[in-house]
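Asks: Okay, sequence plus prediction incoming.
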Amino acid sequence: MVKIMTVTANSAIDLLLEVESLVPGETLSALRAKEFACGKGINVAKAIESLGHAVLCLGFAGERSIDAFHVLQTERFKTDLTEVSGKTRTNITLHDSASGRETHIRTAGFSVTQDDCRRLCETVKSYAEPGDIVIISGSLPPGAPDDFYRNLIEICRERGMTTFLDASGPGLTLGIEAKPDAIKPNQQELEALLGKSLPDERSIAEASRELVSQGIQRVYVSRGEHGCIAACENMTISAYLNTAPEKIVSRVGCGDALVAGLAVAARQGLDAEAALRLGVACGTANLFSLEPGRFESARVNDINSRIVVEDILTLNSAVRPLKARK
């Protein structure tokens with residue numbers, strides 16, 4: 001059976017603090033404080049589990065924080081993280097309940113060595129099997145070479161895996177040189193990658209098609225409340241929710257939940273439109289979850305029925321599933 005794996009090179013501990021009203025310079029009492037073991041690939045894995053699928057989490061975690069990740073394990077959610085010296089970074093989210101706005105503070109965490117990177121690559125190799133799906137997510141930790149994701153993707157492709165890349169900066173720029181099967185930048189990351197402004201839907205679609213022409217099967221561009229654009233060989237479509245969401249709990253991890261939906265769709269062999277619908281539904285469902293990736297699958301089904309899909313640049317009426325590697 002096809003496995004789904006995630007790789008989180010820069011894991012995190014997410015600390016969510018909710019205040020009634022964020023007033024700079026004042027002493028405030030938190031209405032709510034929650035701490036979660038996270039990181040983009042970990043968030044993706046939680047969302048995959050929320051959809052009822054098994055997932056394996058690989059990546060780095062600081063030796064002083066590793067226990068927080070061990071307790072995530074369930075029957076469907078397995079971890080085999082590569083332990084490194086130091087502490088996993090903390091991401092602080094300050095949620096202003098009066099305005100709904102969020103302020104994010106990132107702290108520094110562990111650094112990795114060349115030997116750490118080698119050990120993680122060996123772990124990935126030990127699990128990799130033809131047809132499996134791997135999602136490589138997030139930023140590179142200090143000490144990792146800029147081409148680390150490119151090397152990981154090459155390892156996975158050599159073993160016949162279907163590869164998703166959700167990264168930014170050098171991780172994305174060099175990672176796409178290995179031709180992952182699918183990438184999921186947000187609009188700002190795509191603009192940074194291509195070095196130009198993409199002011200509207202059509203310009204994003206055309207830029208995505210440039211990357212498809214370079215050998216990437218699917219390019220997904222997340223756009224927050226505007227949904228997501230998907231480009232593949234024969235078509236470019238957008239999907240968005242036709243009604244405004246209810247009261248939002250947190251926006252943290254919505255892009256990760258979107259990637260989880262896309263990966264599950266690939267495992268199920270869904271076509272481009274169905275995959276995009278599932279991805280956007282998962283990303284939207286995550287808005288109502290305090291913990292990134294932990295959402296109700298029933299909510300996903302309800303949201304899916306309210307998603308609008310539109311053609312942007314249609315070259316062929318055929319809508320094909322993402323091709324798994326042999």
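Replies: Nice, I can see it. Numbering: from 1, shown residues only.
Asks: Only C-alpha atoms from now on, for both contacts and neighbour counts.
Replies: OK.
Asks: My read is that residue 204 contacts residue 198, right?
Replies: Yes: using CA atoms under 8 Å, residue 204 is in contact with residue 198, at 5.6 Å.
Asks: Now the nearest residue to residue 64 once chain neighbours are set aside. Its backbone dihedrals?
Replies: In this structure, residue 64 finds its nearest non-sequential neighbour in residue 87, 5.0 Å apart by CA to CA, 6 or more residues apart in numbering. Main-chain dihedrals, residue 87, degrees, to the nearest 10: phi -120, psi 140.
Asks: thinking residue 87 is in contact with residue 60, fair?
Replies: No: the pair residue 87 / residue 60 is not scored as a contact, 10.6 Å apart, by CA under 8 Å.
Asks: secondary structure element for residue 43?
Replies: Assigned by DSSP states H and E, residue 43 falls within helix 40-50.
Asks: I'd like the next helix or strand past that helix.
Replies: Using DSSP H and E, the helix or strand that directly follows helix 40-50 along the chain is strand 55-62.
Asks: Note down every partner strand of that next one and its orientation.
Replies: strand 4-8 (parallel), strand 77-79 (parallel), strand 82-84 (parallel) (DSSP bridges).
Asks: Between helix 40-50 and it, find me the angle.
Replies: Here strand 55-62 points in a direction 150 degrees away from that of helix 40-50 (axes from the mean of the first three to the mean of the last three CA atoms, to 10 degrees).
Asks: got the contact list for strand 55-62?
Replies: Identification of contacts with strand 55-62 by CA atoms under 8 Å, 6 or more residues apart in numbering yields 3-11, 41-42, 45, 48-49, 76-88, 109-110, 120, 123-124.
Asks: Generate a PyMOL selection restricted to the buried entries among those residues.
Replies: Filtering those down to the buried ones (16 or more other CA atoms under 10 Å) takes a single PyMOL command:
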select buried, resi 3+4+5+6+7+8+9+10+11+41+42+45+48+49+77+78+79+80+81+82+83+84+85+87+88+109+110+120+123+124
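Asks: How many residues are close by residue 310?
Replies: By other CA atoms under 10 Å, 14 other residues sit near residue 310.
Asks: So it, which state does it fall into?
Replies: strand (DSSP: H, G, I helix; E, B strand; the rest coil).
Asks: so where do the helices sit in the stretch 1-150 of the chain?
Replies: Using DSSP state H, counting those that start in this stretch, the helices of the stretch 1-150 of the chain run over 40-50, 66-70, 114-127, 148-158.
Asks: Residue 204 and residue 198: who's more crowded?
Replies: Per other CA under 10 Å, whichever of residue 204 and residue 198 has more neighbours is residue 204, with 21 against 18.
Asks: Which element, helix or strand, includes the more buried one?
Replies: With DSSP H and E as the test, residue 204 turns up in helix 201-213.
Asks: got the buried residues for that helix?
Replies: 201, 204-209, 211-212.
Asks: How about stretch 112-123?
Replies: For stretch 112-123, the neighbour count (16+ other CA under 10 Å) marks 112, 116-117, 119-121, 123 as buried.
Asks: cool, stretch 30-43 as well?
Replies: Going by neighbour count (16+ other CA under 10 Å), the buried part of stretch 30-43 is 30, 36-43.
Asks: Quick check: end-to-end length of that stretch?
Replies: 24 Å (CA to CA, to the nearest Å).
Asks: which outside residues touch that stretch?
Replies: 6-8, 10-20, 57, 68-69, 72, 135-138, 253, 256-257, 291-293.
Asks: mind checking how far that stretch is from the chain centre?
Replies: In this view, stretch 30-43 has its centroid 15 Å away from the chain centroid, taken as CA atoms, centre = their mean, to the nearest Å.
Asks: just stretch 106-114 next, same as before
Replies: Relative to the centre of its chain, stretch 106-114 is centred 20 Å away, using CA atoms, centre = their mean.
Asks: How about residues contacting it?
Replies: Counting by CA under 8 Å, 6+ apart, 62, 84-92, 141-144 sit against stretch 106-114.
Asks: Report the distance from stretch 264-284 to the chain centre.
Replies: How far stretch 264-284 lies from its chain's middle: 13 Å, per CA atoms, centre = their mean.
Asks: Which positions within it qualify as buried?
Replies: So, applying 16+ other CA under 10 Å, buried residues of stretch 264-284: 264-267, 269-284.
Asks: who's in contact with residue 16?
Replies: By CA under 8 Å, 6+ apart, the contact set of residue 16 is 32-35, 92-95.
Asks: where are the low-confidence patches of this structure?
Replies: 313-326 (pLDDT under 70).
Asks: Pick out whichever of the contacts of residue 16 sits closest to residue 130.
Replies: Within the contacts of residue 16, the smallest distance to residue 130 is 36.3 Å, found for residue 35 (CA to CA).
Asks: what sits opposite that closest one in the beta ladder?
Replies: residue 15.
Asks: State the distance from it to residue 180.
Replies: From residue 35 to residue 180 the distance is 33 Å (CA to CA).
Asks: Thank you kindly, that will do.
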